[in-house]
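Participant: please work out how this folds:
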Amino acid sequence: MLKKIMNEIIQNRIFSESICHWNELNGGTDSTVGVIGTLDLPNIFIVKSNKPERIAAETRFYQIYHEIPLLPKIKYVDPEYRYFIYDFIPGETSYNRKMKQELMSDLTKLMNRYYVRPEPSDDYEWVEEPKRVAHDINYSQSIIGSHLNEEDHNLVKDIHMRRVERVSPNGLYVLHGDFGVHNFLFQNGKLHGIIDPIPRLGRLLYDVLYAFCSSPDGLHYPILLSVVEQMDIEPIDTHELKEDMIVALYFRIATCLLHHPKDLNQYQNAWNEWKQLINNR
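Facilitator: Presented below is the predicted three-dimensional model:
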């Protein structure tokens with residue numbers, strides 16, 4: 001599929017540059033990604049192919065937030081949404097795990113503070129819809145199993161039942177939706193780009209907690225509280241913040257077991273720390 005798309009781009013002369021060189025890159029779970037350029041400059045553009053609905057959602061996200069420097073700039077969208085092309089962003093996803101405070105501060109200043117409400121035509125799903133969250137909790141429990149005890153599993157379910165009353169579908173924002181270090185690009189140790197959104201609607205806090213939990217380092221309450229305070233959103237209920245963190249951390253532990261099991265001990269230590277904070281209310 002990618003070869004066909006690349007040949008189409010080259011043959012149709014979509015760009016004024018003498019595009020003649022391309023390589024396939026490691027893509028996401030569903031997407032196919034390649035880099036395209038000239039013989040002298042092989043890395044000029046990224047070509048990303050996916051299901052049309054995914055391409056439409058992702059390109060819409062980039063159009064909404066086109067003024068955020070960290071995000072790719074779209075150069076071309078296929079009329080049938082088979083693929084789109086954006087400027088290549090240099091960098092690596094190798095995050096320095098001793099920089100959580102700096103990373104979260106940068107994300108807040110350079111990304112999260114610019115989030116906007118959706119337009120009526122933005123039909124992204126609500127990421128914290130109660131039935132969806134209940135399903136995700138049950139799925140996560142099936143993955144985590146005995147790595148946490150029954151009290152821990154019940155704690156998350158109890159928090160979810162309380163959140164049903166306080167988390168509303170009103171006043172939501174257009175979120176990145178997959179806002180983790182695996183989608184952050186770094187250059188010389190500094191945050192340089194953010195890619196691969198799976199756009200959702202939700203509270204600002206959702207993306208913040210997702211990013212915060214996406215690596216096992218620095219998962220401490222003072223760091224999170226300082227980041228949330230920087231966002232200058234609605235008054236902070238610190239106990240509710242801790243409960244939201246518990247749920248986010250629970251989901252991340254399941255992801256850790258599936259993809260990064262070597263990080264489990266650090267996440268379990270963080271879990272015990274946050275559970276103690278909840279119990280010491």
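Participant: and for the closest residue in space to E24 that isn't next to it in sequence, the neighbour number?
Facilitator: Leaving aside its chain neighbours, E24 sits nearest to G34 (4.8 Å; criterion: Cβ to Cβ, 6 or more residues apart in numbering). Every residue, glycine included, has its C-beta placed from N, CA and C. For G34, the count of nearby residues is 21 (other Cβ atoms under 10 Å).
Participant: could you export the helix or strand that contains G34 as CSV, CA atoms only?
Facilitator: Using DSSP states H and E, G34 falls within strand 32-37. Extracted in CSV, the C-alpha atoms of strand 32-37 (Å, rounded to 0.1, in the frame of the first residue of the first chain):
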residue,chain,number,x,y,z
THR,A,32,1.8,3.0,7.8
VAL,A,33,4.4,5.7,7.7
GLY,A,34,7.2,6.6,5.3
VAL,A,35,9.7,9.5,4.9
ILE,A,36,10.1,11.0,1.5
GLY,A,37,12.6,13.5,-0.1
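Participant: which elements pack onto the longest helix anywhere in the chain?
Facilitator: Criterion DSSP state H: the longest helix present in the chain is helix 238-259. Packed against helix 238-259 by the contact rule (3 or more Cβ pairs under 8 Å, 6 or more residues apart in numbering; DSSP states H and E) you find helix 130-144, helix 150-166, helix 204-213, helix 221-231, helix 264-279.
Participant: what's the angle from the fourth one to helix 238-259?
Facilitator: Yep, that's helix 221-231 we're talking about. 110 degrees (axes from the mean of the first three to the mean of the last three Cα atoms, to 10 degrees).
Participant: who's in contact with T38?
Facilitator: 17-21, 44 (Cβ atoms under 8 Å, 6 or more residues apart in numbering).
Participant: can you pull out the low-pLDDT segments for the stretch 101-250 of the chain?
Facilitator: Within the stretch 101-250 of the chain, the ranges that satisfy pLDDT under 70 run 234.
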